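coords below, sequence missing:
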């Protein structure tokens, strides 16, 4: 018996019992993911070809508008290395867990909006997250299956730019997700967005359309429109690629200020060229669903 115990203790990685435990845990996680997704009507995956195009601000304000319209909405930030949703929504505390210690409780922003961010798992918000692909994939799967989302009309997913581990894991975990691609008008961004479109086609991710962000700026002094990054590139790309053009959103310094203050500008009762344009973008998304 002593020898049996020693043998068991010294079993190498990959032995049948360990493989069985791992397979069982994976099956349990997949079951939790399936159960969680069954309670979410629409999953919107906001993606971009490059950083700096305002993808996270589009995600945050999209979730804000949907919640204001009365839809039960979740916002999931899976940008592991550069999470910004927590700042934009004013999240400063760590996530709680359910009494049975089985699920994470998303932060409730208002009656209709819940948010989860990888930033809300970190004690130190300035701590670098140095993870390889499998760890990032596991986190995304846990954010879907082990977060108590409840019943939602929309789940908005903000992933890092590009076509790497995180976007691929989102698509594999949530195959029914619908893509919204964000770009700015200049050719550098458009070249990268064409890669995102290719990614969507390769992984068979249905795309709701393209949003052109920062398409223009109205001078506060002379009221003249200035094309900071040219304009019309997003619409032209959508037309060439056979995709829906969801709309152009002008640059607004208020978006920057509101993001730093932790209150998305679409929560504020202001009527500006930005809020009007963004409202049209959301309408163009919702009417497709």
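Yep, that arrived. Small disclaimer: the values here were computed from a predicted structure and weren't measured.

per-residue confidence averaged over the host helix or strand of residue 278?
Using DSSP states H and E, residue 278 maps to helix 273-286. Mean pLDDT, helix 273-286: 95.

Need the contact partners of it.
Outside helix 273-286, the residues within contact range by CB atoms under 8 Å, 6 or more residues apart in numbering are 44, 61-62, 65-66, 69, 180, 208-209, 211, 218, 244, 246-250, 252, 254-255, 265-266. No exception for glycine: its C-beta is placed from N, CA and C like everyone else's.

Filter those down to just the buried residues.
With neighbours counted by 16 or more other CB atoms under 10 Å, the contacts of helix 273-286 contain buried members at 44, 61-62, 65-66, 180, 208-209, 211, 218, 246-250, 252, 255, 265-266.

which of the residues in stretch 65-81 are buried?
Buried residues in stretch 65-81, counted by 16+ other CB under 10 Å: 65-68, 71-80.

among these, which are in helices?
Within the buried residues of stretch 65-81, residues falling in helices by DSSP state H are 65-68.

Quick one: classify residue 47 as helix, strand or coil.
Assigned with DSSP: H, G, I helix; E, B strand; the rest coil, residue 47 falls in the strand class.

still on that earlier bit, just the ones of the contacts of helix 273-286 in strands?
44, 180, 208-209, 211, 218, 246-248 (DSSP state E).

Make CSV out of those and add distance to residue 25.
Output for the ones in strands among the contacts of helix 273-286, formatted as CSV (distance: CB to CB, whole Å):
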residue, distance to residue 25
44, 29
180, 33
208, 34
209, 38
211, 39
218, 55
246, 40
247, 44
248, 46
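
Tell me which two of these sit farthest apart.
Checked with CB to CB, these reach their widest spread between 44 and 218, with 28.7 Å between them.

residue ranges for the helices of the chain, please.
Going by DSSP H, the chain shows helices at 2-9, 16-38, 55-68, 85-88, 133-145, 165-173, 187-202, 233-241, 253-261, 273-286.

deepest of those, which one?
Of all the helices of the chain, helix 55-68 has the most neighbours on average by mean count of other CB atoms under 10 Å, namely a mean of 26.

Run through the neighbouring helices and strands of it.
Judged by 3 or more CB pairs under 8 Å, 6 or more residues apart in numbering; DSSP states H and E, the packing partners of helix 55-68 are strand 40-48, strand 73-77, helix 85-88, strand 113-117, strand 152-158, strand 178-183, helix 253-261, helix 273-286.

how far out from the middle of the chain is stretch 113-122?
Centroid separation for stretch 113-122 versus its chain: 11 Å, with CA atoms, centre = their mean, to the nearest Å.

Could you tell me the average pLDDT over it, please?
Per-residue scores along stretch 113-122 average to 82.

when you give positions from now on, start the count at 29
Sure thing, new numbering starts at 29, so read that last one as stretch 141-150.

List of residues touching that stretch?
Applying CB under 8 Å, 6+ apart, the contact partners of stretch 141-150 are 91-92, 95, 101-108, 111, 113-115, 117, 119, 121-123, 132, 134-137, 153, 157, 167, 171, 175, 177-178, 180.

circling back to that earlier point, so which of the ones in helices among the buried residues of stretch 93-109 is the closest to residue 65?
residue 94 (17.8 Å).

Surely that closest one and residue 183 touch.
No: contact criterion CB atoms under 8 Å: residue 94 and residue 183 do not qualify, at 10.1 Å.

which stretches of the chain have low pLDDT?
29-45, 148-157, 159, 246-248, 256-258 (pLDDT under 70).

at 80 what do you get?
29-50, 53-54, 108-110, 122, 147-161, 215-217, 244-260 (pLDDT under 80).

what about residue 146, neighbour count?
Residues contacting residue 146 under the criterion other CB atoms under 10 Å number 23.

how far away is it from residue 264?
As judged by CB to CB, to the nearest Å, residue 146 and residue 264 stand 35 Å apart.

Spatially central residue for this structure, please.
Nearest to the geometric centre of the chain sits residue 186, at 1.3 Å (CA atoms, centre = their mean).
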